[in-house]
Each structure stands twice: as structure tokens, then as C-alpha cells.
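Visitor: sequence first, then the predicted structure:
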Amino acid sequence: MDTPPNLARAQWMSLLAQADPAELVAAMDGFAPPADTAWLRPAQTGLYMLRGRVGGTGPQFNFGEITVTRCSVQAAGHIGHAWVRGSNARHAELAALADALLQDDAQRVSVQRQVIEPLRHSLDQHRDKASRKAAASKVEFFTVVRGE
Amino acid sequence: MMLAAFATTVFDSQRTFRELLQAMARPAAPRALPILPPSPASIAPAAMAVLLTLCDATTSVWLQQPQEDAVEHLRFHAGLRLAERPQDADFALITDPASMPSLTSFAHGDIRYPDRSASLIIQVAAFGSSPCVQGEVGRGSLALASTQDCTTPPQPSPVNKGGSSRAMHFAGPGIRETEILAIDRLPSDFWQQRAAMSVQLPLGVDLFFVAAQQVVALPRTTRLLES
């Protein structure tokens, strides 16, 4: 499954899911759903159970439930899927539509340029800002060894 | 390409489930399904409505004719597991009744768990019946308003008795006296197979017949009367 096309798709799906909904709406403004658009699975919200392992090696445990909205659409002859955190149906619909358009050779370049790149840039900036903020509050711990 | 399923998954499947319950409670009386979802060519929309309502990732389904588009559609929308052999299935979809396997090849449940048995969804061409309306019996009376909650059976009327030779009389729990129904194009020994299974009650298989927009249930307790 890690062939380059699947990997690229996984990356843009991940980016679309993590994007800020307002930014995604603005970026997708120029891409109206094509005439042949069929909503195979209208946006529906449910719960997923997150599971974790302590240290990545311990036994699995249920970490908690998370709200997820999913949507599947068929547009431009391709099927786009989206799973996004939260209950924003519009976010899931646009992410699914963008996934379908990105699989279409005719539209991939323009969607990449107008949607994916700006979202990636803004996500990077957001991450950078958060990590700077965290770095500024870094505390060095040291232990005073009691001499005998 | 793929098709959509129920437009509003929860409410549409609940309405369909209600009709299926009612069909099971009043065996041999056709009822109209409220919603017919889009479906691939090999599966009738009514059968698709039943499958989408009853099946999910916890049930296994055996398809008589597992065509690729149908399999893909069901996997995507219902998330169901496909059974390789009829005896492993919780539900079976029979799309060509004339060549269906024997009823004995499906799960009957065991005596401690009679519920571990198969339900068959059988696509047929048409029902001929007149559970509520006196008169026309036999093939072609499909247009009957089957949603009417008519539980009063026909006093087995002379008209019915003299009707099509295919019309059959059913009795059992949920039927006040008898119910009359004709089902086309079943294998010739289908009713003998079913009668042979009735001796092992409470084990057995339950049947849903679908034609056009209608569904008829024949639970294992419904008896075919010799007429």
C-alpha cells in the first residue's frame, strides 16, 4: 500500500483532515462540485475508540472516544473519502471532494496549487508557532547530589 | 461506478426495519417497503433495502451470484462479511430462485441456540395474493395495496379456492385463519424441502421474499396447508 501514489494520497488526505475548516472552505471556493457529483455516503458523525500503548510497546488500552465525521463522494469519475476529527460536516464534505479532485489528472495540479499548498503552509506555520511557544517555556531540571 | 445507499441511513433503515418486523408478525401478507435505495443491476432494490437494514459488520452474508459490483456496493455501504459457503451465513441473498441450493444447506441453528440460523432473502418475480381484497388471486395482482393492516383473513372464499393453482394457503402464528399467497418460479421441490424441515422446529430457516416494492415473510412457524 506504500506505493508512491498511495503515499501521496495518504499525505493529502491527512493534510485535508488536519486543516482548519475555515481555511479549507476558503481554499475550495474556486472548486464547485462537478456536475456528476454523487454523495455516496453523506457526511455522518460518530465515535471512534482511540487505542494506545504506553511507550508504544505495552499492552493495548482504550484511550478514549473521539468524534469523527466521515464522508464519501464520487466526483470527476473518482471516489473521494474523508474522515475528519470533530462534527463539522462541511469540513468532511470538502475534504472528500478535494480527495476526489486530486485523483483526477486534469485537476490535480490546480487543486495542489490552490488548496494543498496553502493549507500545508498554514499548518507548518501553526506547528512552528506552537513549538516556539513550547520551547520558550522550557525548564531545565537538575538534581543536586547530596555529598557524603 | 458506485451508487449511493439510503439517503438518511438511520431513519430509512429504521422505517424499513419496522416494515420487516410487521411482515414477520403477519406472515404471508405482502407489505410495501417504504424506501427503495439505488442498487447494482444484479440485486433488486427491495432486496438491497432489506440487506442494508439487517446486515452490518457483525453478520455474514452468502450471495448466490456474487458479482463484483454488488459485492463492492455491499461491502462499502453495509460493511458486511461475505460467507463462502451457504452453511456459514447468517443471511443469504437468493437472486435466482430456480437454481438455489437446497434449504437444508443453510444453517438451522442448534437446539440450544435456534436463533443461530439463516434468514434467506429471495428475489422473486411477483406475488399473487389477495390477503385483504376478495377477488383476484394468482399472478398479476401485484398492485395490491399491501400496506393496509388487514389482519382479517379472507373467509376462504369460493373465488380464492377456484383461483390460480399456484395460490397457496398458509396458517400458523400471526395468521388468524389462513393467508393466501402465490410465489412464482421457485424450485419445484422447494415446498417439500420446507415441509421436511418443519419437523425439527424450533430449528429451521426464515424466509423473506421480495418482488418489486413488496416483501413477504415466511417464518419457520408458518405452515403451508394442503389445499
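Guide: Sure, I can see it. Numbering: from 1, shown residues only, chains lettered A, B, ... in the order given.
Visitor: C-alpha only now, for contacts and for neighbours.
Guide: Will do.
Visitor: list the contacts of the lengthiest helix in chain A.
Guide: When every helix of chain A is counted residue by residue (DSSP state H), the longest turns out to be helix A:117-136. With C-alpha atoms under 8 Å, 6 or more residues apart in numbering or on different chains as the test, helix A:117-136 has contacts from A:15-16, A:19, A:23-24, A:27.
Visitor: go again using 10 Å as the cut-off
Guide: Residues outside helix A:117-136 that contact it (C-alpha atoms under 10 Å, 6 or more residues apart in numbering or on different chains) are A:12, A:15-16, A:18-20, A:23-24, A:27, A:111-113, A:116, A:138.
Visitor: CA atoms only: put the helix or strand hosting residue B:76 into CSV for me.
Guide: Taking DSSP states H and E as the definition, residue B:76 sits inside helix B:68-78. These are the backbone C-alpha positions of helix B:68-78, laid out as CSV (Å, rounded to 0.1, in the frame of the first residue of the first chain):
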residue,chain,number,x,y,z
GLU,B,68,-18.2,-7.7,-8.3
ASP,B,69,-20.2,-4.5,-8.4
ALA,B,70,-22.8,-6.0,-5.9
VAL,B,71,-20.0,-7.2,-3.6
GLU,B,72,-18.3,-3.8,-3.7
HIS,B,73,-21.5,-2.0,-3.1
LEU,B,74,-22.5,-4.1,-0.1
ARG,B,75,-19.0,-4.0,1.5
PHE,B,76,-18.9,-0.2,1.2
HIS,B,77,-22.4,0.5,2.5
ALA,B,78,-23.1,-2.3,4.9
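Visitor: near chain A, anything from that helix?
Guide: Yes: contact check for helix B:68-78 against chain A, using C-alpha under 10 Å from any C-alpha of the partner chain: residues in range are B:76-77.
Visitor: just the pLDDT at residue 18, thanks.
Guide: This is for chain A. According to the model's per-residue confidence, residue A:18 sits at a pLDDT of 92.
Visitor: that answer is for a different chain, and I need it for chain B
Guide: Residue B:18 carries a pLDDT score of 95 in this model.
Visitor: quick check: residues of chain B near chain A?
Guide: Chain B has residues B:1-9, B:76-77 near chain A, with proximity defined as C-alpha under 10 Å from any C-alpha.
Visitor: the longest helix of chain A: how far from the chain's middle?
Guide: 15 Å (C-alpha atoms, centre = their mean, to the nearest Å).
Visitor: buried residues in it?
Guide: A:119-120, A:123 (16 or more other C-alpha atoms under 10 Å in any protein chain shown).
Visitor: likewise stretch B:61-70?
Guide: Buried-residue list, stretch B:61-70, by 16+ other C-alpha under 10 Å: B:61-64, B:69-70.
Visitor: spatially, what comes nearest to residue A:45 if we skip its sequence neighbours?
Guide: Excluding the flanking residues, the one nearest residue A:45 by C-alpha to C-alpha, 6 or more residues apart in numbering or on different chains is residue A:69, at 4.2 Å.
Visitor: report the contact partners of that neighbour.
Guide: For residue A:69, the set of contacting residues under the criterion of C-alpha under 10 Å, 6+ apart consists of A:42-48, A:82-93.
Visitor: do that again at 8 Å, thanks
Guide: For residue A:69, the contact set (C-alpha under 8 Å, 6+ apart) comprises A:43-46, A:83-89, A:92.
Visitor: pLDDT-wise, which helix or strand of chain B ranks last?
Guide: Taking all helices and strands of chain B together, the one with the lowest average confidence (mean pLDDT, DSSP states H and E) is helix B:158-161, at a mean of 36.
Visitor: re the thing from before, which helices and strands does the helix holding residue B:76 pack with?
Guide: Here helix B:68-78 is seen to pack against helix B:45-54 when contacts are counted using 3 or more C-alpha pairs under 8 Å, 6 or more residues apart in numbering or on different chains; DSSP states H and E.
Visitor: and the angle from the helix it packs on to helix B:68-78?
Guide: Orientation of helix B:45-54 against helix B:68-78 (axes from the mean of the first three to the mean of the last three C-alpha atoms, to 10 degrees) gives an angle of 40 degrees.
Visitor: what is the burial count for the residue of chain A found nearest chain B?
Guide: Residue nearest to chain B within chain A (C-alpha to the nearest C-alpha): residue A:40, separated by 4.2 Å. Using other C-alpha atoms under 10 Å in any protein chain shown as the criterion, residue A:40 is surrounded by 22 other residues.
Visitor: residue A:106 too?
Guide: 11.
Visitor: leaving out sequence neighbours, find the closest residue to the most centrally placed residue in chain A.
Guide: The central residue of chain A, meaning the one whose C-alpha is nearest the mean C-alpha position (C-alpha atoms, centre = their mean), is residue A:17 at 2.3 Å. Distances taken as C-alpha to C-alpha, 6+ apart put residue A:84 closest to residue A:17, at 4.9 Å, once the chain neighbours are dropped.
Visitor: got the CA positions of stretch B:176-186 in CSV?
Guide: Extracted C-alpha coordinates of stretch B:176-186, given in CSV (Å, rounded to 0.1, in the frame of the first residue of the first chain):
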residue,chain,number,x,y,z
ARG,B,176,-56.0,-15.7,12.1
GLU,B,177,-57.3,-18.4,9.8
THR,B,178,-55.5,-18.8,6.5
GLU,B,179,-53.5,-16.5,4.3
ILE,B,180,-53.3,-16.9,0.6
LEU,B,181,-50.3,-16.2,-1.5
ALA,B,182,-48.7,-17.3,-4.7
ILE,B,183,-45.0,-17.1,-5.3
ASP,B,184,-43.6,-17.6,-8.8
ARG,B,185,-40.6,-19.5,-10.1
LEU,B,186,-39.4,-21.4,-7.0
